[in-house]
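>>> okay, predicted coordinates and the sequence, questions at the end:
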Amino acid sequence: MDGYVGLVHLSIPDELPLTEPRDRTGRSGLEVARSLYDFLCSRKILVRHFGSHALTSSFLRISVGTDDEMHVLQENIEAWLRLA
């Protein structure tokens, strides 16, 4: 991932892929997930956050359909990391 902490991928038993965001200091958790969720939503990038359950509160569900969408997502995650 070229030097930034970014995202950690996790697949839970029912095969729902979840991603655990980490800020540039390596922290994760509910506050970090909520921060990235709010940041992406403010930029009209829709992701899902399951913050009400202890097992999933630090994870996001991100679906990407095209290479262009992946580039937009990557650019925005990198922008969030600079601010986080």
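Arrived safely, thanks for sending. Residues are numbered from 1 along each chain as shown.
>>> flag the shaky bits of this structure, pLDDT-wise.
Under the criterion pLDDT under 70, the flagged ranges of the chain are 1-16.
>>> tell me the bridge partners for the residue nearest to the spatial centre of it.
Nearest to the centroid of the C-alpha atoms of the chain, with distances taken as Cα atoms, centre = their mean, sits residue 21, at 4.4 Å. Under DSSP bridges, the beta-bridge partners of residue 21 are residue 7.
>>> contact partners for it?
6, 7, 28, 32, 33, 35, 36, 58, 60, 77 (Cβ atoms under 8 Å, 6 or more residues apart in numbering). The way it works is simple: take the backbone N, C-alpha and C, and place the C-beta from them, glycine included.
>>> need the max-distance pair from those residues.
The largest separation in the contacts of residue 21, counting by Cβ to Cβ, is between 58 and 77 at 15.8 Å.
>>> spatially nearest residue to residue 40 (excluding sequence neighbours)?
Leaving aside its sequence neighbours, residue 40 sits nearest to residue 47 (Cβ to Cβ, 6 or more residues apart in numbering; 5.4 Å).
>>> what about that neighbour, how many residues nearby?
Residues near residue 47, counting by other Cβ atoms under 10 Å, number 18.
>>> and it, how far from residue 39?
The spacing between residue 47 and residue 39, counted by Cβ to Cβ, to the nearest Å, is 10 Å.
>>> can you map out the strands along this structure?
Applying DSSP state E to the chain gives strands spanning 7-11, 17-21, 48-49, 60-61.
>>> sorry, back to before: contacts only, for the residue nearest to residue 40.
Contacts for residue 47 (Cβ under 8 Å, 6+ apart) come out as 36, 37, 40, 41, 60, 61, 62, 63.
>>> of all those, which comes closest to residue 72?
For the contacts of residue 47, the residue nearest residue 72 by Cβ to Cβ is residue 40; the value is 10.0 Å.
>>> what's around that closest one, how many residues?
21.
>>> now do residue 48
If you count neighbours by other Cβ under 10 Å, residue 48 ends up with 14.
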